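[1] Show me how the following folds:
(chains A and B)
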Protein chains: 2
Amino acid sequence: MRPVYIAGVGMTPFRKPGTSGGDYPALATEAARVALDDAGIDFEEIEQVCVGYVHAESTAGQRAVHGLGRTGVPVQNLTNNCASGSSALFYARQLVAGGLADCVLALGFEVMRPGPLGARAYPETTDPIAPFLEASWAVREPTGAPVMLDLFRNAALEHMERYGTTREQLAAVAAKNHHHSVDNPFAQFRDDVTLDDVLADRVVADPLTRLQCSPTSDGAAAIVVCSEGFAADHPDLDTTVEIAGQALASDTDAAFTSRSAIEVVGRSVSERAGRAAFDQAGLRPADADVVELHDCFSINEIITLEALGFCDEGDGGRLAIDGVTAHGGDVVVNPSGGLISKGHPLGATGLAQCVELTWQLRGEAGDRQVPDADVAVAHNLGLGSAAVVTVLRTTA
Amino acid sequence: MRPVYIAGVGMTPFRKPGTSGGDYPALATEAARVALDDAGIDFEEIEQVCVGYVHAESTAGQRAVHGLGRTGVPVQNLTNNCASGSSALFYARQLVAGGLADCVLALGFEVMRPGPLGARAYPETTDPIAPFLEASWAVREPTGAPVMLDLFRNAALEHMERYGTTREQLAAVAAKNHHHSVDNPFAQFRDDVTLDDVLADRVVADPLTRLQCSPTSDGAAAIVVCSEGFAADHPDLDTTVEIAGQALASDTDAAFTSRSAIEVVGRSVSERAGRAAFDQAGLRPADADVVELHDCFSINEIITLEALGFCDEGDGGRLAIDGVTAHGGDVVVNPSGGLISKGHPLGATGLAQCVELTWQLRGEAGDRQVPDADVAVAHNLGLGSAAVVTVLRTTA
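    Prediction:
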């Protein structure tokens, strides 16, 4: 496998649906133009385009890049629920790593409909996981909320029962991530909220309050990846950031037969993707300075930190409340605000995580900069399932 | 690039929607099992799965392979309108060619709703090409039919005006393909029809009669591709067929600014994909013994044969009516019956073309065998756009 560098990154601000213009080609073009400008190249140098999204027509990727030029290159459209953006990046990296291309654009976007998370994004008729859940412990005590919410609520209850995790620990994750996004001009929410605010907010699916749930969002993100040779031909191109390891995993039987909601929402699949990505990079969780992970709900930050090996199983609850994962802690988790506060336009999310981490590794993250960051980890999860873990490293 | 072999192929019969059971995971599992059995391997040996479809949820590929085993490998879902199946195969081949995997499953399926072609498959609200057509010559004289039909109807009228192509020549394409499918147990239609039957059939969008239009269909197809090393480790594996060349192209400005319906329905994009695939293989159209091409409507077989270089521009009309492309002719085109008569389950179509051609190159095509076939060409087109041309060659 050849080394793969992040040559350019770009994203739009994430916005509440109905306030973004609702035009995905415009959002995608904006993000891609920023990434191309960041790389200092023209769209004509892109050899293949990998596009991730959930809610748009079959050749939406082509429409998304028409604004950049109609060069006739292959455009592949990928979809993997909330991991669609990372799935596009995974393909793009494979193309460069395998010597099939020297410069590839990965692009992700989503224009969502207003409404509670899940209700529109995952209509029951096409819910990919519903068939597995009918008889599962995972959806005991259904609240009538969308199945997605009940799943994560049950995972939270299970974590509380098994490991003694508290409501305060769950709420601390959300308070931290909302606090982080105050300094992020790309975030959908920038209000500083306290632990008490999170606890006192409207209960969406007990124990999860509204401030612990990622919103529906519109937005786009783009990353140009390139080979060593391409970088050598473009001396101004910044190759500070290398994709040192990356893995995409899908569920095994464990997710469906364990009768554990924690498993159903992705513990094992995240663990397997994480282990493979760290192994590829020759690094360990302890090497990471900064992490962007899939906190679609507060409980999932806790589960994911355990799954990726940032702490022991059952011990994730203490990390946010003890300040370990905040600015100034051992490892800064979701400095962008995460899905909870930056927003979650499905196809853009995974790429936006790596955009933020690229800025962090380059020292371009402004007021939310993690000092001296050299190793960064992104974790993006799509139920149904696809977990993508990406390990980025500075080359300088 | 490493050589890539077709290790195993499988497909379900193509059937009218409403008569297939309507269960895409069952269809997909059936096709994949046949392909795995044909390769003589277990699903556990598959390192990555590339799945193509249009009308199913975001992680449909994962559901489609759960019946084979939940091994946790990466599953990537690809969508490119009617070229979705070939887009999956294109990805799978890249993975093996680039040394990223040694054994990959490409899988495509579609369960469609009953109704006239286009009406359901391309609702106007998500029609990827409609925005480009509003002011175009290509949809002059709209008939009120779905835009897809009007497009191909106008391409036919344009071909008749510019090159003197006749209604009989158009009808001869359909009569040939219906005749071919009489010997194909996998075909949706197996009725032998005459040129007069085609001409006398109900007019769908003048000059196209019903028998000149591909139907809506349910079905699935699967192909296992592998590397030389994988084949060496599996001595019983049949590596008769190599993917010698393959290219995926998207539209350039020509498709939108030419004011030519022939361009809008894919002439240039097919030409570019074809040239690139033949160049890669080091072969020419004259080397081909058998072709499966995207005859979604009779006119498109004529346009495509010109675009791929099987005859001069404007000369395609005579090929079917003169017997050049029938059994016994210079090159047998659509021995399976093509989309017109075998059926057109969108995500399965491109893979099913290569399944048929693999059988032809191995000498396993039964009563529709093209004698001594050594070089085969598949052409799969998705408006919006993606044209995939695959050149297959025997290694023996």
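[2] got a pLDDT number for the residue of chain A found nearest chain B?
    Evaluated by Cβ to the nearest Cβ, chain A has residue A:98 as its residue closest to chain B, separated by 2.1 Å. Glycine gets a C-beta too; all of them are placed from N, C-alpha and C. Turning to residue A:98, the model gives it a pLDDT of 98.
[3] My guess is it contacts residue A:1. True?
    Yes - using Cβ atoms under 8 Å, residue A:98 is in contact with residue A:1, at 7.1 Å.
[4] what sits in contact with each of these two?
    Jointly contacting residue A:98 and residue A:1 under the rule Cβ atoms under 8 Å, 6 or more residues apart in numbering or on different chains are B:99-100.
[5] count of neighbours near the residue of chain A closest to chain B?
    Using other Cβ atoms under 10 Å in any protein chain shown, residue A:98 has 21 neighbouring residues.
[6] what sits against it?
    Residues counted as contacts of residue A:98 (Cβ under 8 Å, 6+ apart) are A:1-2, B:94-95, B:97-100.
[7] those strands in chain A, which residues are they?
    A:5-11, A:48-52, A:75-78, A:103-110, A:203-205, A:208-209, A:219-226, A:241-249, A:290-292, A:332-333, A:375-382, A:386-394 (DSSP state E).
[8] Would you check how far apart the closest residue to residue A:86 other than its chain neighbours and residue A:77 are?
    Spatial nearest neighbour of residue A:86, chain neighbours left out: residue A:350 (3.0 Å); criterion: Cβ to Cβ, 6 or more residues apart in numbering or on different chains. Distance of residue A:350 to residue A:77, computed by Cβ to Cβ, to the nearest Å: 15 Å.
[9] Verify the contact between residue A:14 and residue A:186 for me.
    Yes - applying Cβ under 8 Å, one finds residue A:14 in contact with residue A:186, separated by 6.2 Å.
[10] Quick check: neighbours shared by those two?
    With Cβ under 8 Å, 6+ apart, residue A:14 and residue A:186 have common neighbours A:342, A:352.
[11] Pick out whichever of those two has more residues nearby.
    residue A:14 (31 against 21).
[12] contacting residues for the more buried one?
    Counting by Cβ under 8 Å, 6+ apart, residue A:14 has contacts A:186-188, A:217-219, A:342-345, A:348, A:352.
[13] Narrow those residues to those in helices?
    A:342, A:348, A:352 (DSSP state H).
[14] Test my guess that the first one contacts residue A:183.
    This points to residue A:342. No - assessed by Cβ under 8 Å, residue A:342 is found out of contact with residue A:183, at 11.2 Å.
[15] Tell me which of these two has more neighbours.
    Between residue A:342 and residue A:183, residue A:342 has the larger neighbour count (other Cβ under 10 Å), namely 34 against 17.
[16] who's in contact with that one?
    A:14, A:181, A:184, A:186-189, A:334, A:336, A:352.
[17] Most widely separated two among the residues you listed?
    A:189 and A:352 (14.6 Å; Cβ to Cβ).
[18] Settle it for me: which of those two has more neighbours?
    Comparing residue A:189 with residue A:352 by other Cβ under 10 Å, the one with more neighbours is residue A:352, at 34 against 21.
[19] Can you read off the pLDDT for the more buried one?
    98.
[20] residues in contact with the residue nearest to residue A:373 when sequence neighbours are not counted?
    Excluding the flanking residues, the one nearest residue A:373 by Cβ to Cβ, 6+ apart is residue A:289, at 4.0 Å. By Cβ under 8 Å, 6+ apart, residue A:289 lies in contact with A:331-332, A:360, A:370, A:372-376.
[21] who wins for most neighbours among the residues you listed?
    Result: residue A:376 is most packed of the contacts of residue A:289 (other Cβ under 10 Å), 30 neighbours.
[22] Let me see the contact set for it.
    So residue A:376 contacts A:288-292, A:357, A:360-361, A:391-393 (Cβ under 8 Å, 6+ apart).
[23] I'd like these written out as JSON lines, with pLDDT added.
    JSON lines is the format used below for the contacts of residue A:376 (pLDDT from 0 to 100):
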{"residue": "A:288", "pLDDT": "98"}
{"residue": "A:289", "pLDDT": "98"}
{"residue": "A:290", "pLDDT": "98"}
{"residue": "A:291", "pLDDT": "98"}
{"residue": "A:292", "pLDDT": "98"}
{"residue": "A:357", "pLDDT": "98"}
{"residue": "A:360", "pLDDT": "98"}
{"residue": "A:361", "pLDDT": "98"}
{"residue": "A:391", "pLDDT": "98"}
{"residue": "A:392", "pLDDT": "98"}
{"residue": "A:393", "pLDDT": "98"}
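[24] With that, I have no additional questions.
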